[in-house]
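1. Give me the fold of what follows.
(chains A, B, C and D)
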Protein chains: 2
Amino acid sequence: MSHTLGVRQAQKQKTRQALLDAALGLLEDQSLSSLGLREVTRAVGVAPTAFYRHFCSTAELGVALVEEALGSLHETITTMLTTTGSNEERLGQTVELIARLVRTHPSHVRFIARERHGGVQQVRDAIGGQLARFTEEVAEGLAADPVSAGWSRDDLRMLAWHYVEHMVMTASVFLETPPERMDAAIDLATRQLRLVNLGRAHWLD
Amino acid sequence: MSHTLGVRQAQKQKTRQALLDAALGLLEDQSLSSLGLREVTRAVGVAPTAFYRHFCSTAELGVALVEEALGSLHETITTMLTTTGSNEERLGQTVELIARLVRTHPSHVRFIARERHGGVQQVRDAIGGQLARFTEEVAEGLAADPVSAGWSRDDLRMLAWHYVEHMVMTASVFLETPPERMDAAIDLATRQLRLVNLGRAHWLD
DNA sequence: CAGTTGGGATTACAACCGTTCACTGACTTC
DNA sequence: GAAGTCAGTGAACGGTTGTAATCCCAACTG
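-> Numbering: from 1, shown residues only, chains lettered A, B, ... in the order given. Next up is the predicted model:
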């Protein structure tokens, strides 16, 4: 399937990736709506006009970044869903996975948290759409769990959405937490998740 | 206490407020880090240099907006805390209060949601600090509730933080919800709150 | 190997930006 | 009522922005 690309295409994708990486770096202390095209090309060391060979606007670049960033988040979620063990074990592993995601892809997490409600509608919609798909996926995973017997489809989606939202929130909190306070932050997130799990266990009472 | 201000001071505060209002309007479809000072003064109909009489940068204007926006949110929270009734009643009233807040101050809600993780650190910190104070306040309110007997101080803060976070999240969801889907959104938020309340009821098991 | 393609460089432009400085004139103070 | 204060003005500055037109040359195609 994946045919070897010509030298030309390879080079193009290389600079395209360089643009994405540079943009992600610049977005650590500003938001997308203030990111200039010249700024990005300057960081890569390429002429301003070269930008147009890959994206027609910074908004489009933002959408591309969404796909990249939510890719790593998607991985994390699928890992969570396939994890087995007791409820309390899975809980700790889930939080640990979030912490690992923040450690390995901090700029992805920052980008998502920042642009989820950011100033560029195209990007907001892209993130919202992807998160909705994740929710559906999590809901399916939850449905497979015997704990969910008797749950309505709608209630499962409600729970899944709560999980996804809590995950993004937790990740952005971890991002701003200095290493020495990380233990406390992990503990807090774990207890919050335990709280929700408790509510889940008694939902059908 | 509140001495009648001179004509001069009154005029100054009037244009200051005009700047804040104009900025809030412009921030509906962009983020603070891309908001230009000229843009704001142009919207007010005032010379660019007049901006400096009130703020030394757009970041400082952002911090002022935080205080204004979180003022209305604070009102909502105190109303919530003083509401009485059964748990299920208070739950519905809480969600209704959030919906009302979004209806009456949509741009405030949008501003908070957008800049909470936005590109201007000064503003992020201001919002984070205020939300932390709200959390403390809510925790105190929760402690007064007989349901919280036996809860540790730390667990109460955890719960309070979860409530506050969920409130901001819910408000920003309501903001993007078209009127015809509002009922479903309110129902969803209510069930999520019920889920957490259920977890709360069984926390000490 | 001749011809075409297309990623990137160069140059140029008009529009806009934040900031400075000196200035005006209505309000305040004594 | 004279002197002083200060919110807002207007012009000018150096710098940056997005974008268009044109060119270059290495990589493709037949």
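
2. what's near enough to touch A:W203?
-> Residues in contact with A:W203 (C-beta atoms under 8 Å, 6 or more residues apart in numbering or on different chains) are A:151, A:155, B:195, B:198. To be clear about C-beta, it is placed using only N, CA and C from the backbone, and glycine gets the same treatment.

3. Secondary structure class of it, three-state.
-> Per DSSP: H, G, I helix; E, B strand; the rest coil, the secondary structure class of A:W203 is coil.

4. and chain A, which of its residues are near chain B?
-> A:27, A:29-34, A:110, A:113-114, A:116-119, A:121, A:128, A:155, A:158-159, A:161-162, A:165, A:169, A:172, A:176, A:188, A:191-192, A:194-203, A:205 (C-beta under 8 Å from any C-beta of the partner chain).

5. Please, a PyMOL command that selects the buried ones among those residues?
-> PyMOL command restricting the residues of chain A next to chain B to the buried ones, with burial defined by 16 or more other C-beta atoms under 10 Å in any protein chain shown:
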select buried, chain A and resi 27+30+31+32+33+34+110+113+114+116+117+118+119+155+158+159+161+162+165+169+172+188+191+192+194+195+196+197+198+199+200+203
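
6. Give me the residue ranges of chain A where confidence is low.
-> A:1-3 (pLDDT under 70).

7. What residues does it have near DNA strand D?
-> By C-beta under 7 Å from any atom of the strand, the part of chain A that sits against DNA strand D consists of A:6-9, A:11, A:36-39, A:42, A:48-49, A:51, A:57-58.

8. if you set the cut-off to 10 Å instead, what comes out?
-> A:4-12, A:34-42, A:47-52, A:55-58 (C-beta under 10 Å from any atom of the strand).

9. which of those residues are close to DNA strand C?
-> Okay, of the residues of chain A next to DNA strand D touching DNA strand C (C-beta under 10 Å from any atom of the strand), that's A:8-12, A:34, A:38, A:41, A:47-52.

10. Now for those: which two are most distant?
-> Between any two of these, the greatest separation by C-beta to C-beta is 33.4 Å, found for A:R8 and A:S34.

11. Quick one: name the residues of chain A near DNA strand C.
-> So chain A meets DNA strand C at A:8-16, A:18-19, A:34, A:38, A:41, A:44-54 (C-beta under 10 Å from any atom of the strand).

12. Can you select the buried ones from those residues in ChimeraX?
-> The buried residues among the residues of chain A next to DNA strand C can be selected in ChimeraX (16+ other C-beta under 10 Å) with this line:
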select /A:15,16,18,19,34,41,44,46,51,54
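
13. Filter the residues of chain A next to chain B down to just the ones in strands.
-> Using DSSP state E to define strands, no part of these is located there.

14. Which of the residues of chain A next to chain B fall within helices?
-> A:110, A:113-114, A:121, A:128, A:155, A:158-159, A:161-162, A:165, A:169, A:172, A:176, A:188, A:191-192, A:194-201 (DSSP state H).

15. re earlier: of the residues of chain A next to DNA strand D, which belong to helices?
-> A:7-12, A:37-42, A:58.

16. will you turn those residues into JSON lines that also has distance to B:G71?
-> Compiled in JSON lines, those are given as follows (distance: C-beta to C-beta, whole Å):
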{"residue": "A:V7", "distance to B:G71": "60"}
{"residue": "A:R8", "distance to B:G71": "58"}
{"residue": "A:Q9", "distance to B:G71": "55"}
{"residue": "A:A10", "distance to B:G71": "55"}
{"residue": "A:Q11", "distance to B:G71": "54"}
{"residue": "A:K12", "distance to B:G71": "51"}
{"residue": "A:L37", "distance to B:G71": "38"}
{"residue": "A:R38", "distance to B:G71": "39"}
{"residue": "A:E39", "distance to B:G71": "35"}
{"residue": "A:V40", "distance to B:G71": "38"}
{"residue": "A:T41", "distance to B:G71": "42"}
{"residue": "A:R42", "distance to B:G71": "41"}
{"residue": "A:T58", "distance to B:G71": "34"}
